Structures are given as structure tokens and as C-alpha cells.
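Colleague: I'll drop the sequence and a predicted model, then ask my questions.
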Amino acid sequence: MSPVLEALSTGGQVGAVLPLLTAVVQRPAWSARYKQVVAVVAAVVAGVAAVAADGGWDQFQHGKLTLATFLGVLAAAQTSYDLIWKPSKIAPVIEALTTRKGAQQTE
């Protein structure tokens, strides 16, 4: 497999489960815009971790592969959220379960 396809594959795998991890941090009371910012920041952090795990810190010297991994994470995270996690209500339930009652009332 070509290095670019491997980078996209790694990004896709990480991005597919990222919405579940992001749901732990997000709160139902947050605005859609704020949730988008949190999701993009989480995708960047996950992209850095995926690149480092896949090829070590030296991998960042390869801009094309790093960008492919970042874009794979972002695309897979958004797609899996819209097609799987949101319609199945799994991500919203995780958000609700990880929100403390007192914290939600003060927001």
C-alpha cells in the first residue's frame, strides 16, 4: 500500500472512534459552534497522536503524509458522527452521562 493510503487509513481509523471520545468532553448545553471548535481541536490532537504513533516524530517531516493523516482523522470523525454516532444517539447519550448535574444547571 502506498504511504499516502496508509496515512489516510490510519487517520480514518482514529477518526471513526474520535466522536465517542469527544462526547466525553462535550456538554449538551454548549452551542453548536463551540462543539464544532472542540471537535476540530480534538481531531488535530488525534491527528498529531496518529502521525506520531504511525511513524514516530520524524514522520512530521513528511508534510504530505502528515496532512493526509490530519484530513483522514477530520473527515472520518465528522462522517462517522453524522452517519453513525448521532443518529444512533450513542454520542448524545455519552454527553449526557458525562455531564454532572450541578455543572449543567450552572451553564
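Modeller: Thanks, I have it. It should be emphasised that the depicted structure is a prediction, and the values quoted were computed from it without experimental measurement.

Colleague: make it CA atoms for all contacts and neighbour counts henceforth
Modeller: Will do.

Colleague: so residue 20 is in contact with residue 89, correct?
Modeller: No - using Cα atoms under 8 Å, residue 20 makes no contact with residue 89, being 10.9 Å away.

Colleague: any weak-confidence spans in the chain?
Modeller: Within the chain, the ranges that satisfy pLDDT under 70 run 55-60, 101-107.

Colleague: between residue 20 and residue 89, which one's more packed in?
Modeller: Taking neighbours as other Cα atoms under 10 Å, residue 20 and residue 89 compare with residue 20 leading, 20 against 11.

Colleague: that one is in what secondary structure piece?
Modeller: Assessed by DSSP states H and E, residue 20 sits inside helix 3-25.

Colleague: and the next helix or strand past that helix?
Modeller: Helix 3-25 is succeeded, C-terminally, by helix 32-55 (DSSP H and E).

Colleague: buried residues in that next one?
Modeller: 35, 38-40, 42-44, 46-51 (16 or more other Cα atoms under 10 Å).

Colleague: so what does that helix touch, helix or strand wise?
Modeller: Under the contact criterion of 3 or more Cα pairs under 8 Å, 6 or more residues apart in numbering; DSSP states H and E, helix 32-55 touches helix 3-25, helix 63-80.
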